[in-house]
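K.L.:
requesting a structural model of the entry that follows:
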Amino acid sequence: MPTALLVAALAVPPPATAEPLHLLVDPTQPPGEGVVASLAAAIAAAQSAPAGTTAIAIDLAPGVHVLDATVPMGALPAPTQIRGLGAEPTATRLLGGVRLRARPQEVAPDDPVRARLPAAALDTVRWIDVSVAPDQPPLAGLVRHGMNLPAGAGSELFWNGRPLTTARWPDVGFAPIDGIVDAGSSKDRPEPGDARRGGTFRVADRERLARWAAAEQVWLSGYWHWDWADDSLPAGRIDATTGTITLGLPHTYGLGKDARFAVLGIPEELDAPGEYWLDVARQRAYFVPPDATGEPEIVVSLLAGPLLELAGTRDLTLANVQLEAGRGVAIAATDVTDVRIEHCSFRNTGTGAIELAGHHCAIVDCAFADIGAAGVLLTGGDRSTLTHGDNEVRGCTFRRCGRTHRTYQPAIRLDGVGQTVAGNRIEDLPHCALIFAGNEHRIERNDIGRVLLETGDSGAIYCGRDWTLHGTVIRHNLFHDIQGSDARYQNAVYLDDLASGITVEGNVFVRCNWGVLVGGGRDNHIRGNVFVACRKGISFDQRGGGWMATAIADPATSTLHQRLRAVPIDREPWRSRYPTLGAYLSDRFGRPVGSEVTGNVFLATPLGRIDDRECVRVEGNVVAEQGLGADLVAALLEPAARRRLPALRPPAAPESFVPIPVADIGVTGR
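P.N.:
Model (predicted):
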């Protein structure tokens, strides 16, 4: 060996011993060799692991791990697994609040709150001490939130793992206003010198209104103008003489004649089992027990930030834990790669469950329930180059997302390029199940039912107002029991306001109000679907040449034009992959050119309407009066029975029909 090379080799230190690092997080044990008291301590130890560490394993002991602050995770020195040791995720809990140790008590005669309680509820209301330690996050009152507003939540109360409801009237749903006095400010009706005022409306129940007028810190929640735009905000003036309420802040769209509202957050309306009211100043929670449980677990949420915050993290697996009871999102992950969240449970979050921006990440076999806002926000990839993010949500269940944030907070929201949502079950949501933007997503084999329960003019799967949404495929999904009316047009799939370039094929629609509503877009392909006992199969309108024509005429103000300019449709790979985009402004502008409705089967369902048959190819569709058969429908809607079914090919289907693999739809097991 030459002398120079020999000297260089001798100067290189020997490699560190390659060993894994194993840590146990157990707050019930004294810290020691390999044992730490908190997840934050384990992450700190992992980030300072010696050079040459080959893998990091962090085991969480069964039990409750209270998080008084967000646990941050940046880059880790080796592939890392964080795993709960319990038999199920529910055995190992990451808690963004505290379990209350005090016992509930009756409301004493000298308690000043007693005079504010409804007389009929005096014997049933209880209170409990919710004072927190100085080193814990503070108790927080109600927070404004609504459509197009930042998600936010105050502290909430949970009883045996289920959320209680803040004291409200009416106890369920919303009450119609009794007329508008002043519609207030609206972004759609700007006025010269407008001081941005809240609207004023009349209330029919004057006796109840008088109680609200005497109350302090009254909050209102409602659909103040449109059926798809909620807003929770403080009340302004409540005038018992005129029978009116003025919003304390302006709603985005002002008041509309069909507005509906609820009154929130005052003890004057604490009268139904499962309702509560937080007296933040006195650190007390007043509630009507939802059941007769002798020693319930009562939790109050405190932590405003994420439970876990990942930034630039790679090669991380989080498994077999339950994340719950924070005021904010459970996991916030940005610029992450190869992060896998599997067999975890998310419940009782103040806002969302997971917000993830990254590449090659997976959320698999997880359960989401009672999520305040959206279940999963998932983005990744590069639209300018159509590079895929390759993230996925697979084999998960979503129930009761949008629990407090009622609109545009779906179970899953996609953006970027190339995400996959497959084999999930989504049910019991007030608004959409899935909203997407971007390109080339795969939405397939999902079981979606009982959504849009509170709203209209929307879809279980929804996108809108973008000519450039090309490449997404909605395939082999089951939509069922999505009820509604022609006046409010709830839809299983809604491609709104000229959304274009989307394929909807091989799906099954059972007992849906409308199956598919296409709002006039181009290059949309609706083919090979089966509609069973729906009010209407398809509505394909031509709004771009009708009521929307004026709005899309000016390139300077039109959202569609702005979004078209935002992507390089004249450069590769856009130019080759989506060549028709270049003609959108010149070839039959505003019309649904290049679209098709072909090879669909409508059983006991009218086909519906296709307004522009010069531009939309309509052929090979079959309409039959008979349905699918009660036994087969029942089997389709029951997951275990569905897995035993052969591929679906209705007897009335055309020869070219491709059978639908219904046995693969929904969550099919770990």
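K.L.:
from here on, just use CA atoms for contacts and neighbour counts.
P.N.:
Will do.
K.L.:
so is residue 596 in a helix, a strand, or just coil?
P.N.:
Look at residue 596: counting by DSSP: H, G, I helix; E, B strand; the rest coil, its state is strand.
K.L.:
now the closest residue to it other than its chain neighbours: how far from residue 525?
P.N.:
Excluding the flanking residues, the one nearest residue 596 by CA to CA, 6 or more residues apart in numbering is residue 617, at 4.5 Å. Applying CA to CA, to the nearest Å, the value for residue 617 to residue 525 is 9 Å.
K.L.:
between those two, which contacts overlap?
P.N.:
595-597 (CA atoms under 8 Å, 6 or more residues apart in numbering).
K.L.:
export those residues to CSV and append columns for neighbour count.
P.N.:
Below are the shared contacts of residue 617 and residue 525 laid out as CSV (neighbours: other CA atoms under 10 Å):
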residue, neighbour count
595, 24
596, 22
597, 23
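K.L.:
look at residue 617 and residue 525 and report which has more neighbours.
P.N.:
Taking neighbours as other CA atoms under 10 Å, residue 617 and residue 525 compare with residue 525 leading, 20 against 16.
K.L.:
so that one touches residue 500, yeah?
P.N.:
No. Look at residue 525 against residue 500 with CA atoms under 8 Å: they stay out of range, at 9.4 Å.
K.L.:
hmm, back to that, so the residue nearest to residue 596 sits against residue 599, correct?
P.N.:
No. With contact defined as CA under 8 Å, residue 617 does not count as touching residue 599 (10.9 Å).
K.L.:
from the shared contacts of residue 617 and residue 525, pick the one nearest residue 365.
P.N.:
Residue 365 lies nearest to residue 597 out of the shared contacts of residue 617 and residue 525, by CA to CA, at 34.8 Å.
K.L.:
now that closest one: how far from residue 525?
P.N.:
Using CA to CA, we find residue 597 at a distance of 6 Å from residue 525.
K.L.:
spatially central residue for this protein, please.
P.N.:
The centroid of the chain falls nearest to residue 374 when counting by CA atoms, centre = their mean (2.2 Å).
K.L.:
surely that residue is in a helix?
P.N.:
No. Counting by three-state DSSP, residue 374 is not found in a helix; it is coil.
K.L.:
quick one, what contacts it?
P.N.:
Contact analysis of residue 374 by CA under 8 Å, 6+ apart lists 351-353, 401-402, 408-413.
K.L.:
low-confidence ranges in the protein?
P.N.:
Applying pLDDT under 70 to the chain flags the ranges 1-18, 192-194, 670.
K.L.:
what are the buried residues along whichever strand or helix holds residue 356?
P.N.:
Applying DSSP states H and E as the criterion places residue 356 in strand 354-359. Going by neighbour count (16 or more other CA atoms under 10 Å), the buried part of strand 354-359 is 354-359.
K.L.:
which one of those residues is nearest to residue 62?
P.N.:
residue 354 (22.4 Å).
K.L.:
quick one on the thing from earlier: which ones among the contacts of residue 374 lie within strands?
P.N.:
Members of the contacts of residue 374 lying in strands (criterion: DSSP state E): 412-413.
K.L.:
now the contacts of residue 374: which count as buried?
P.N.:
Listed as buried from the contacts of residue 374 are 351-353, 401-402, 408-413; burial here means 16+ other CA under 10 Å.
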